[in-house]
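**Q** okay, predicted coordinates and the sequence, questions at the end:
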Amino acid sequence: MTNNFYIEQEMMYSGSLGCRGCGWSMMVRYISDIFGEDTVYVVPACCFSIIAGPYPMNALKNNIVHSLFAASAATASGVRAGLDAQGKNKTQVVVLAGDGGTFDIGLQALSGAAVRNENIVYICNNNGAYMNTGIQSSSATPMGAVTTTEPSVHFKKNNPKDLMAIIKAHQVPYSATASLAFLEDYRMKLQMAKKHYGFRFLMVDGICPPGHKIEPEDAIKVARLAVNSNAFPLFEIVEGKNKINHRPENPIPVTEYLRLQGRFKHLFSTNGNRDNRNSEILEDIQRNVDERWIELGGNIFNI
Ligand SMILES: Cc1ncc(C[n+]2csc(CCOP(=O)(O)OP(=O)(O)O)c2C)c(N)n1
Ligand SMILES: [Mg+2]
């Protein structure tokens, strides 16, 4: 029986090109363990296309199709059709895409594949920026974050796109959010995605020490704070209904999650307290987190 914490079949070679503490490498180890050998991955331009490497220097033991940035869901649909034509209906097709490739440039192909209910799994590693090319803002970049396209006082001023709401509108069989700090929940969702038929979507909170300006050893702690502050809620969408998987007993203020990350450091004064100039932004961020949580069906306690 599959254990819900530990890797059973190691499908990634050691010595990958990921940065220290890279969420991509950790995320894919669990995906490839649960999806196993009979899986074809489709990877658009993103950090994982570098980590996965070109044939024959693959980091992953499976077959990988490297696709154009905008085309991963369309390419995966073609791979699916090709496999089905050969009678390989059981082989899984899994897209591994970044937030830039999902929220922005690949959105049209993603929407098309979701509408057609293609029998594929689409997994987005949402690290909140175009990390592979040097931390440019995407429509997933959180409010308040500094990136190279929104540096210093020009930090991101608006809220990220609510992609899960867009996915929900497509009425796909299974979709969920997941975090590497909640492994049992993450692995359960991979198993759920594997066992459903049709278009399945997972969004994983993407850990990125260089992009978020955190120490690699703090990465999982920061990811846990994202969930426990409701900044990154864990939920599934099954038959059109949201199901919250983790309700923090006492949600912590979102500032506790933000202050550990260098990308938000301009929002705080040097001693770690609020910088009055930016307290309005911090309040906006908290308000948005609370509103999204209530929309999902959560309650607010002790904030
Ligand atoms: C059409 C096109 N535009 C731009 C690029 C350059 N490019 C390669 S990876 C990348 C960033 C991808 O960002 P994201 O999808 O968030 O994945 P991450 O790098 O964060 O893992 C960009 C802009 C490209 N390969 N193709
Ligand atoms: Mg990204």
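**A** Arrived safely. Ligands and ions are numbered 1, 2, ... in the order given.

**Q** contacts, neighbours, all on C-alpha from now
**A** Fine.

**Q** leaving out chain neighbours, which residue sits closest to Phe264?
**A** Leaving aside its sequence neighbours, Phe264 sits nearest to Ala145 (CA to CA, 6 or more residues apart in numbering; 5.2 Å).

**Q** how close does that neighbour sit to Gly78?
**A** For Ala145, the distance to Gly78 under the criterion CA to CA, to the nearest Å works out to 37 Å.

**Q** and if you look at Ser111?
**A** From Ser111 to Gly78 the distance is 15 Å (CA to CA).

**Q** tell me which of these two has more neighbours.
**A** For Ser111 versus Gly78, neighbours defined as other CA atoms under 10 Å are more numerous around Ser111 (17 against 13).

**Q** helix, strand or coil: sort out that one for me.
**A** Using DSSP: H, G, I helix; E, B strand; the rest coil, the structure places Ser111 in helix.

**Q** and what of Ile123?
**A** On the three-state scheme (three-state DSSP), Ile123 is labelled strand.

**Q** list the beta-bridge partners for it.
**A** Leu96, Leu202 (DSSP bridges).

**Q** thought it was touching Asp99?
**A** No - taking CA atoms under 8 Å as the definition, Ile123 is not a contact partner of Asp99, at 9.9 Å.

**Q** of the two, which one has the most company?
**A** Of the pair Ile123 and Asp99, Asp99 is the one with more neighbours under other CA under 10 Å, namely 29 against 26.

**Q** give me the phi and psi for the residue nearest to that one when sequence neighbours are not counted.
**A** Counting by CA to CA, 6+ apart, Asn126 is the residue found nearest to Asp99 once chain neighbours are left out, at 4.8 Å. Backbone torsions for Asn126, taken as degrees, to the nearest 10, come to phi -90, psi 90.

**Q** next up, the contacts around Asn126.
**A** Shown here is Asn126, whose contacts under the criterion CA atoms under 8 Å, 6 or more residues apart in numbering are 98-99, 140, 203-206.

**Q** tell me if Ser25 really is in a strand.
**A** No - with three-state DSSP as the criterion, Ser25 is located in helix rather than a strand.

**Q** for the nearest residue to it once chain neighbours are set aside, helix, strand, or coil?
**A** With CA to CA, 6+ apart as the measure, Gly18 is the residue that lies nearest to Ser25, at 6.4 Å, once sequence neighbours are left out. Classification of Gly18 by three-state DSSP places it in coil.

**Q** wait, Gly18 sits on Ile51?
**A** Yes - with contact defined as CA under 8 Å, Gly18 counts as touching Ile51 (5.6 Å).

**Q** which element, helix or strand, includes Thr177?
**A** Thr177 is part of strand 174-178, with elements assigned from DSSP states H and E.

**Q** could you tell me the angle between that strand and strand 121-126?
**A** Angle of strand 174-178 versus strand 121-126, following axes from the mean of the first three to the mean of the last three CA atoms, to 10 degrees, is 30 degrees.

**Q** for strand 174-178, packing partners?
**A** In terms of contact count using 3 or more CA pairs under 8 Å, 6 or more residues apart in numbering; DSSP states H and E, strand 174-178 is assigned the packing partners helix 183-195, strand 200-205, strand 235-238.

**Q** around ligand 2, which positions in the chain sit nearby?
**A** Within the chain, the positions near ligand 2 by CA under 5 Å from the ion are 98-99, 127, 129-130.

**Q** 6 Å instead, please
**A** With the criterion set to CA under 6 Å from the ion, the chain comes near ligand 2 through 98-100, 126-131.

**Q** show me where the stretch 51-200 of the chain has its helices.
**A** Along the stretch 51-200 of the chain, counting by DSSP state H, counting those that start in this stretch, helices occupy 72-85, 99, 107-115, 163-169, 183-195.

**Q** neighbour count: Gly18 and Ile51, which is higher?
**A** The neighbour comparison of Gly18 against Ile51 (other CA under 10 Å) goes to Ile51, with 19 against 16.

**Q** what's the closest non-adjacent residue to the more buried one?
**A** Once its chain neighbours are removed from consideration, Ile51 has its nearest residue in Leu17; the separation is 4.8 Å (CA to CA, 6+ apart).
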